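Q: Give me a 3D structure for the following:
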Amino acid sequence: MILEFGKDYRIRTDERNFILQKRGGKPSKATPDYNIINRNERWIDCLYFGKLKYAIDQISTEILKENTNIKIILNKLDEVKNITCKFIKEMESRGEKVEM
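A: Numbering: from 1, shown residues only. Modelled structure (predicted):
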């Protein structure tokens with residue numbers, strides 16, 4: 001599963017973790033192919049979390065650190081909230097529990 005948050009962040013999951021990824025960087029020989037969608041786009045694994053809530057909190061922190069305009073910050077935080085709520089509702093409609 002991949003949750004996209006704007007153009008710069010996403011959360012990818014594996015069987016045990018929620019992985020916060022950030023767009024950027026140059027491809028290298030050590031980079032696994034699964035991080036490269038096309039030659040111009042690369043996702044870097046930043047942090048690993050055991051719960052979705054902690055990954056969401058970190059995205060919010062990154063938004064605060066990267067922006068100085070309060071309107072941009074509020075819009076991006078609202079976008080994170082909307083994406084998260086939509087994801088939780090979708091998972092609950094499938095009968096899956098999302099632990100926050």
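Q: my read: Phe49 touches Phe18, true?
A: Yes: using C-beta atoms under 8 Å, Phe49 makes contact with Phe18 at a distance of 4.6 Å. C-betas here are computed from N, CA, C, even on glycine.
Q: Okay, the closest residue to Met91 other than its chain neighbours and Gly6: tell me how far apart.
A: Leaving aside its sequence neighbours, Met91 sits nearest to Val98 (C-beta to C-beta, 6 or more residues apart in numbering; 4.8 Å). From Val98 over to Gly6 the distance is 21 Å, taken as C-beta to C-beta, to the nearest Å.
Q: count of neighbours near the residue nearest to Met91?
A: By other C-beta atoms under 10 Å, 14 other residues sit near Val98.
Q: Surely it forms part of a strand?
A: No: under the criterion used here (DSSP: H, G, I helix; E, B strand; the rest coil), Val98 is coil, not part of a strand.
Q: need the contact list for it.
A: 52, 87-88, 91-92 (C-beta atoms under 8 Å, 6 or more residues apart in numbering).
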